[in-house]
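[1] Show me how the following folds:
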Amino acid sequence: MYERRKLRKSPRYTPPRGIKLERRRRFEPTIATKSGINVRSKYEKKCADFLFENKIEFQYEPLILLAGKQYRPDFFLPDQNLFLEICGYNHMPFYVDRVGFKRQLYEKHNLRAIFIHYNGKGSLEEELKKSLAAYGFQFRQ
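    Numbers count the residues shown, from 1 in each chain. Below you'll find the model as predicted:
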């Protein structure tokens, strides 16, 4: 007869067969904002709070399809049909390349988008005010 090989035990915990565990997501939005949504980074939190305080309607990470692929821009301002991307990892070459690719993709599909390159120095709110003022937004002083 054939001999059955004994399986080695793994040091990691494995649940018994038939039990389905919820899959852990890698990078879930966990930072709460004033508007009640959760975001992924502190820069996105500052941006969401700024938009909420200035009564600018926005959607966080809406799913869009471009060229047969799915993308999730940081913010979408539906009243102005404008996408808003907060770029905070400008010191990483692959991130800069990805931002350049997204910029070309938005231009190719005639989508209006603002890319805010923020490195933590200065005020993100002031950068947002300058960038949004070019699209007709008015803010109180």
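[2] so residue 53 touches residue 34, yeah?
    Yes - because the distance of 7.1 Å satisfies C-beta atoms under 8 Å, residue 53 is recorded as touching residue 34. Any C-beta I mention is one placed from the backbone N, CA and C, and that applies to glycine too.
[3] Mind telling me what element residue 95 is part of?
    helix 93-108 (DSSP states H and E).
[4] residues in contact with that helix?
    Contacts to helix 93-108, defined as C-beta atoms under 8 Å, 6 or more residues apart in numbering, come from residues 66-67, 71, 73, 83, 85, 87, 89-90, 112-113, 115.
[5] Only alpha carbons, please: show it as CSV.
    Only the C-alpha atoms of helix 93-108 are listed here, as CSV (Å, rounded to 0.1, in the frame of the first residue of the first chain):
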residue,chain,number,x,y,z
PRO,A,93,10.8,58.4,-7.2
PHE,A,94,8.1,55.7,-8.0
TYR,A,95,5.4,57.9,-6.4
VAL,A,96,6.5,60.9,-8.5
ASP,A,97,6.2,58.6,-11.6
ARG,A,98,2.8,57.5,-10.6
VAL,A,99,1.6,61.0,-10.1
GLY,A,100,2.9,62.0,-13.5
PHE,A,101,1.1,59.0,-15.0
LYS,A,102,-2.2,60.1,-13.3
ARG,A,103,-1.7,63.6,-14.5
GLN,A,104,-1.3,62.4,-18.2
LEU,A,105,-4.3,60.1,-17.8
TYR,A,106,-6.6,62.9,-16.5
GLU,A,107,-5.5,65.1,-19.4
LYS,A,108,-6.0,62.4,-22.0
